[in-house]
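**Student:** this one's structure only:
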């Protein structure tokens, strides 16, 4: 929009006709859908089936993209757990309003329980992966300030933060982000217990816990789960647990059983145009464009691959 | 926590014993519950029954506090609508993931429908109440920056923003805030169609629509409603609508049928202590206190009045 405004100023300065043209035919404001429809095929990427998790509930499939660039040890462990069928028959055990839903073993962390589900090829202990070096991390900076970090933006489709002075980058707790639950020790997560953010972004968790990916489709299956009435939104009775039919990598399924999805590349021109159109809403409904957007308000578009 | 740190520095500087005392007995970190438990009775306020709306669903009661200091015309109209039984037998008609749920007449805004529900004593047209003069508005400033407004903080229990140069203050779209749906015209809301925020705060709506209050209890009844599959999350079939049994002012009910609630005063010392404890989480689980909090991350505590 800023470019358009400049262009119009130039027109106004150089042409006596510009005013009447403007009055008769105001420039059409592109909707988000207009921007997406105009994006070239190269602006879209396809999910890597080895990096895509299907959390299957009775109500449908939740599709999660893992983030091995930020949490390589956790992503590898989660792959191993999925291949071993670790979560099949386990449960969503927690739903805390305006915070997170969490799934895994109901009794995990209870020292009274000796017999845990076998981990198969997965590891019991992993390093904490709260942040990483920002070297080699692609980064499309959001032009707006953020209160939680020196810089925020996008990297490979994920909302991230960066501290150039410290040379660090990390995934941020926006709506739909998935993290690995842990106990008090920083390195006490191994990916068996996972959570997804279902409310106002709890960014205070950033760099305090390992974020492993993002729900790219099916958030509405998790966000509507009845809230647990125990402390921290844990379900209090086993009959309240929400059964998980299976958690599999997309690559474990034959191709015709996968969910074909494309994601708008966050390093595409279309994405930058989209961000700007959301920073300043110019459609008729909005009376006052904000001139700002928070990292976690930026939509990360997903679509079915076009046919034909 | 800052005061405590200063006290400890003083002890360290003046006493050879301080170090060993500290090593043996680290200062206990107050939890949010500790702060609330220690708050005097005067830190709590009781809801005004004339200013409190009960939205009754089959699943329970949603309690909404109106904000007449910010939206006097809308609050008055909503009171009149409730007294006239306007919403009784109407529906939640929209549930859009990570955005809003909305309730009112299913066909509202459809020019093909001639017969609307009668408004009774309520008015058809109201002024837009997007912002107000900041004169006389109590304001407890949050110490942290905000990307959407020059200043943010709390006023009478509500999250608000302020622009001292423009002399304006307004309610902000945090989780649980309730607003009045409108069409394209700024003054096209009259309070008949209301929405509550159920996701990441859509602050771009601030000063673009009239905010009328806040859900103070029962958000978890709205936030779990199945998401609508139509555009903008509207339900597509009448059988998907979620019936509203009634919407009444607390003052319309006999006292023994009201929900007794107290809210922590946002101008109390306890609230300021709470904000600071959330800006910097010092409990053992957190490895890196953020030193920041966003307006919409600050909890606004509610409790049952203590007995005896």
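**Tutor:** Structure's in. What do you need? Just so we're clear, the structure is a prediction, and the values are computed from it rather than from any experiment. Residues are numbered from 1 along each chain as shown, chains lettered A, B, ... in the order given.

**Student:** For residue A:55, give me its contacts.
**Tutor:** Contacts here follow C-beta atoms under 8 Å, 6 or more residues apart in numbering or on different chains; on that basis residue A:55 touches A:61, A:62, A:63, A:64, A:87, A:103, A:218, A:244, A:247. Glycine gets a C-beta too; all of them are placed from N, C-alpha and C.

**Student:** What helix or strand is the second one located in?
**Tutor:** With elements delineated by DSSP states H and E, residue A:62 resides in strand A:60-66, which encompasses its position.

**Student:** just to revisit the earlier point, want to try TSV for the contacts of residue A:55, with distance to residue B:227 as columns?
**Tutor:** As requested, the contacts of residue A:55 are arranged in TSV below (distance: C-beta to C-beta, whole Å):
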residue	distance to residue B:227
A:61	15
A:62	13
A:63	16
A:64	18
A:87	24
A:103	19
A:218	11
A:244	20
A:247	22
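
**Student:** Where do the strands of the stretch 51-200 of chain A begin and end?
**Tutor:** Residue ranges of the strands in the stretch 51-200 of chain A, as given by DSSP state E, counting those that start in this stretch, are A:52-57, A:60-66, A:91-95, A:100-104, A:132-133, A:140-141, A:151-155, A:158-163, A:168-171, A:177-180, A:194-197.

**Student:** ok, the most centrally placed residue in chain A to residue B:268 distance?
**Tutor:** If you average the C-alpha coordinates of chain A and look for the closest C-alpha using C-alpha atoms, centre = their mean, you land on residue A:214, 3.4 Å from that point. With distances defined as C-beta to C-beta, to the nearest Å, the gap from residue A:214 to residue B:268 amounts to 39 Å.

**Student:** Residue A:243 too?
**Tutor:** 45 Å.

**Student:** out of these two, which sits in the busier spot?
**Tutor:** residue B:268 (17 against 12; other C-beta atoms under 10 Å in any protein chain shown).

**Student:** Isn't that one up against residue B:42?
**Tutor:** Yes. With contacts defined as C-beta atoms under 8 Å, residue B:268 counts as touching residue B:42 at a distance of 7.5 Å.

**Student:** what residues are up against the closest residue to residue A:137 other than its chain neighbours?
**Tutor:** In space, residue A:137 comes closest to residue A:169 once its chain neighbours are excluded; the distance is 4.7 Å by C-beta to C-beta, 6 or more residues apart in numbering or on different chains. Residues in contact with residue A:169 (C-beta under 8 Å, 6+ apart) are A:70, A:131, A:132, A:133, A:134, A:137, A:139, A:155, A:160, A:161, A:162, A:163.

**Student:** How about the contacts made by the nearest residue to the second one once chain neighbours are set aside?
**Tutor:** When you say that, I think you mean residue A:131. With C-beta to C-beta, 6+ apart as the criterion, residue A:131 has its nearest non-adjacent residue at 4.0 Å, and that residue is residue A:170. By C-beta under 8 Å, 6+ apart, the contact set of residue A:170 is A:70, A:130, A:131, A:132, A:160, A:161, A:162, A:206, A:207, A:211.

**Student:** again with residue A:272
**Tutor:** residue A:140.

**Student:** Which pLDDT value does the model give it?
**Tutor:** pLDDT for residue A:272: 98.

**Student:** re earlier: from the contacts of residue A:55, pick the one nearest residue A:188.
**Tutor:** When these are compared for distance to residue A:188 (C-beta to C-beta), residue A:103 comes out closest, at 17.3 Å.

**Student:** mind listing the helices for the stretch 201-308 of chain A?
**Tutor:** A:219-223, A:269-279 (DSSP state H, counting those that start in this stretch).

**Student:** Can you read off the pLDDT for residue A:13?
**Tutor:** 34.

**Student:** re the thing from before, so which of the contacts of residue A:55 would you say is closest to chain B?
**Tutor:** For the contacts of residue A:55, the closest approach to chain B (C-beta to the nearest C-beta) belongs to residue A:218, at 10.0 Å.

**Student:** What about the closest one, how many residues nearby?
**Tutor:** A count of neighbours around residue A:218, defined by other C-beta under 10 Å, yields 22.

**Student:** and the strand holding residue A:62, anywhere near chain B?
**Tutor:** No. Using C-beta under 8 Å from any C-beta of the partner chain as the criterion, no contacts between strand A:60-66 and chain B are found, and the smallest distance is 11.4 Å.

**Student:** List the neighbouring strands of that strand plus their orientation.
**Tutor:** The sheet places strand A:60-66 alongside strand A:52-57 (antiparallel), strand A:210-217 (antiparallel), with pairing taken from DSSP bridges.

**Student:** Could you figure out how far that strand is turned away from strand A:100-104?
**Tutor:** 90 degrees (axes from the mean of the first three to the mean of the last three C-alpha atoms, to 10 degrees).

**Student:** contacting residues around strand A:60-66?
**Tutor:** A:47, A:51-56, A:75, A:78-79, A:157, A:178, A:212-219, A:221-222, A:259, A:261, A:263.

**Student:** cool, and stretch A:243-251?
**Tutor:** A:47, A:49-58, A:79, A:81-83, A:85-92, A:103, A:258-259.

**Student:** I'd like the mean pLDDT over it, please.
**Tutor:** Predicted confidence along stretch A:243-251 averages 98 (mean pLDDT).

**Student:** ok, now stretch A:193-207?
**Tutor:** Rounded mean pLDDT across stretch A:193-207 is 98.

**Student:** so how far is it off the chain centroid?
**Tutor:** The gap between where stretch A:193-207 is centred and where its chain is centred comes out at 11 Å by C-alpha atoms, centre = their mean, to the nearest Å.

**Student:** With stretch A:284-291 instead?
**Tutor:** A distance of 26 Å separates the C-alpha centroid of stretch A:284-291 from that of its chain, computed with C-alpha atoms, centre = their mean.

**Student:** mind listing what residue A:57 touches?
**Tutor:** Under the criterion of C-beta under 8 Å, 6+ apart, the contact partners of residue A:57 comprise A:92, A:221, A:242, A:243, A:244, A:245.

**Student:** Most neighbours out of those, which is it?
**Tutor:** The member of these surrounded by the most neighbours (other C-beta under 10 Å) is residue A:92, with 26 neighbours in all.

**Student:** Any idea what that residue is bridged to?
**Tutor:** For residue A:92, the beta-bridge partners are residue A:103, residue A:242 (DSSP bridges).

**Student:** how close does it sit to residue A:194?
**Tutor:** With C-beta to C-beta as the criterion, residue A:92 and residue A:194 are 10 Å apart.

**Student:** what sits in contact with each of the two?
**Tutor:** Counting by C-beta under 8 Å, 6+ apart, the residues touching both residue A:92 and residue A:194 are A:102, A:103.

**Student:** number of nearby residues for the closest residue to residue A:81 other than its chain neighbours?
**Tutor:** What sits nearest to residue A:81 in space, not counting adjacent residues and going by C-beta to C-beta, 6+ apart, is residue A:122, at 4.7 Å. Residue A:122 has 20 neighbouring residues, counting by other C-beta under 10 Å.

**Student:** need the residues of the stretch 51-200 of chain A near chain B, please.
**Tutor:** So the stretch 51-200 of chain A meets chain B at A:97-98, A:130, A:144-148, A:174-176, A:184, A:186, A:199-200 (C-beta under 8 Å from any C-beta).
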